[in-house]
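Peer 1: I'll drop the sequence and a predicted model, then ask my questions.
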Amino acid sequence: MNQKVDPSAARSPAYSYQDLLDTENVDLPDSLRESTNHQRRCILGDRHRGCLMTKVLLISLVVALAGCKTTLMNDDRLRLYVMDCGELEISDISLFSVSNDETDVRTMFVPCYLIEHEKGTLLWDAGLDPARVGQGKVELQPGMYELYEKSVMDQVREIGYEPEEIELMALSHMHYDHCGAANYFPNVELLIQRTEHEAAFNNPEENPIFDYSLYKELADNPKRLLDGDHDVFGDGSVMIISAPGHTPGHQVLFVDLEETGPLVLSGDLYHFRISREQMRVPVFNTDKAQTLEAMRKVERFVEERGATFWIEHDMALARTLNLAPAYYE
């Protein structure tokens with residue numbers, strides 16, 4: 001309510017904010033009215049400027065929230081990170097059933113991959129042994145060298161995770177260049193074909209091509225023992241495809257990316273492009289017939305899905321890829 005002002009009062013009367021705005025309804029002396037009207041214009045101006053500022057802030061807030069929402073939505077999208085987990089140089093490639101004069105390729109890329117899904121994280125393949133990171137070109141045996149510059153653990157940290165935070169691990173197979181850092185991810189659940197688990201964990205002494213020391217820390221970790229193809233997250237976006245023959249339980253990975261499109265990661269189904277073109281089976285594979293059947297199965301799958309196929313060890317391909325912390329989605 002507006003109060004009645006007594007101009008003869010000895011002390012200055014108390015006027016409310018609304019009184020100063022509504023001077024037409026207040027009984028003021030002329031000398032005070034002019035001053036009050038000036039204040040009113042200032043207050044109204046301040047209020048107008050304040051409203052404009054408030055509007056600007058609100059608009060900024062809406063834009064910011066919209067940006068946050070977009071980011072959150074994008075964060076829910078399936079992402080694939082490609083990490084450089086070393087390289088191998090092999091002077092004699094005849095063990096791959098490729099003669100040395102059929103290709104001049106001698107250097108193989110050794111990748112690791114991190115998949116982000118709204119239901120969790122999956123590490124696919126664990127590269128070379130991080131114990132030799134930073135040692136330069138190391139001779140493993142005559143005519144065979146490896147180079148590993150930054151550990152997969154450090155690359156995972158650059159993406160934003162500690163190794164302890166990675167939830168799932170699936171290795172295409174248990175050869176040393178695919179399981180080298182397995183021990184460094186202590187909390188993973190391992191997704192492995194039952195036949196591979198039997199050979200690599202239960203009977204490693206009968207399979208000298210496996211180096212049990214590289215993955216022994218996972219012996220007591222939770223495991224999903226697979227008997228064929230497996231839908232990792234239950235929505236068809238990430239699928240393990242059984243492809244035995246290179247090892248007893250070799251497998252490849254299908255990732256259905258929204259923008260990049262469907263993609264198959266080869267494991268060691270093939271090592272060279274000529275291996276795929278002519279279905280060459282390395283002499284050290286555990287079962288040639290199984291390998292050929294796995295090749296036919298995976299090629300049918302690739303065709304049916306319209307998928308891109310990445311030969312993991314293909315160095316020429318690797319040089320065209322965006323490496324982590326960049327990603328594909």
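Peer 2: Perfect, I can see it now. Residues are numbered from 1 along each chain as shown.
Peer 1: Please, where are all the helices along the stretch 51-200 of the chain?
Peer 2: Taking DSSP state H, counting those that start in this stretch, the helices of the stretch 51-200 of the chain run over residues 152-159, 176-179, 194-197.
Peer 1: which helices and strands sit right next to the last one?
Peer 2: So the one you mean is helix 194-197. Applying 3 or more Cβ pairs under 8 Å, 6 or more residues apart in numbering; DSSP states H and E, we find helix 194-197 packed against strand 223-226. Bear in mind the C-beta positions are built from the backbone N, C-alpha and C, glycine included.
Peer 1: what's next to the strand it packs on, contact-wise?
Peer 2: Glu189, Leu190, Leu191, Ile192, Gln193, Arg194, His197, His230, Ile240, Ser242, Gly249, Gln251 (Cβ atoms under 8 Å, 6 or more residues apart in numbering).
Peer 1: Now render the residues you listed as TSV, adding distance to Ala219, neighbour count and pLDDT.
Peer 2: TSV is the format used below for the contacts of strand 223-226 (distance: Cβ to Cβ, whole Å; neighbours: other Cβ atoms under 10 Å; pLDDT from 0 to 100):
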residue	distance to Ala219	neighbour count	pLDDT
Glu189	13	17	99
Leu190	10	20	98
Leu191	15	20	99
Ile192	12	25	98
Gln193	17	26	98
Arg194	16	15	98
His197	10	19	98
His230	21	16	98
Ile240	21	24	99
Ser242	23	19	99
Gly249	16	26	98
Gln251	20	30	98
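Peer 1: In strands, which of those residues appear?
Peer 2: Glu189, Leu190, Leu191, Ile192, Gln193, His230, Ile240, Ser242, Gln251 (DSSP state E).
Peer 1: export the residues you listed to TSV and tack on distance to Arg224?
Peer 2: Putting the ones in strands among the contacts of strand 223-226 into TSV (distance: Cβ to Cβ, whole Å) gives the following:
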residue	distance to Arg224
Glu189	7
Leu190	7
Leu191	5
Ile192	7
Gln193	10
His230	7
Ile240	9
Ser242	13
Gln251	12
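Peer 1: Can you tell me which of those is nearest Ala170?
Peer 2: Leu191 (4.0 Å; Cβ to Cβ).
Peer 1: quick one: that closest one and His230 touch, right?
Peer 2: Yes. Contact status for Leu191 versus His230: in contact at 6.7 Å, counting by Cβ atoms under 8 Å.
Peer 1: quick one on the thing from earlier: which one, of the helices of the stretch 51-200 of the chain, ends up nearest to Leu128?
Peer 2: Taking Cβ to Cβ, helix 176-179 is the member of those nearest to Leu128, at 5.6 Å.
Peer 1: what's the closest one in contact with?
Peer 2: In contact with helix 176-179 (Cβ under 8 Å, 6+ apart) are residues 86, 88, 110, 125-129, 171-173, 211, 214-215, 267-268.
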